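Asks: One predicted model, sequence on top.
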Amino acid sequence: MSWVLLAIGLVLVVEGLVFALAPSRLEDLVALIARMPLEMRRLIGLLALAAGVVLIWLARAIGL
């Protein structure tokens, strides 16, 4: 359970930094994503999911 809380905390820190340091760039990014085709957004999401799984597997493999 502590790993889940750590992961959620890290995501919130990164997301908070984006909102705090570059809110106007975030608006540009959201507009860019809105113009992307649905299939492209789905592919980006699947790639991010796969990268996350690989990172979790690597962290567990090296004993973190």
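Replies: Happy to help now that I have it.
Asks: helices or strands next to the biggest helix by length in the chain in the packing?
Replies: Selection of the longest helix in the chain by residue count, based on DSSP state H, yields helix 38-61. For helix 38-61, the packing partners by 3 or more C-beta pairs under 8 Å, 6 or more residues apart in numbering; DSSP states H and E come out as none at all, with no helix or strand in contact. In short, each C-beta sits where N, CA and C put it, glycine included.
Asks: list the buried ones in it?
Replies: Going by neighbour count (16 or more other C-beta atoms under 10 Å), nothing in helix 38-61 comes out as buried.
Asks: so how far is that helix off the chain centroid?
Replies: Its chain's average C-alpha position is 9 Å from that of helix 38-61, according to C-alpha atoms, centre = their mean, to the nearest Å.
Asks: what does it contact?
Replies: Identification of contacts with helix 38-61 by C-beta atoms under 8 Å, 6 or more residues apart in numbering yields 33, 36.
Asks: Tell me the helices and strands packed up against the strand or helix carrying Arg25.
Replies: Arg25 is part of helix 23-35, with elements assigned from DSSP states H and E. Taking 3+ C-beta pairs under 8 Å, 6+ apart as the contact definition, helix 23-35 has no neighbouring helices or strands.
Asks: one more time with 10 Å
Replies: In this structure, helix 23-35 packs against helix 2-21, helix 38-61, with contacts taken as 3 or more C-beta pairs under 10 Å, 6 or more residues apart in numbering; DSSP states H and E.
Asks: Worst mean pLDDT among these?
Replies: Across these, the stretch with the lowest average pLDDT is helix 2-21; it has a mean of 89.
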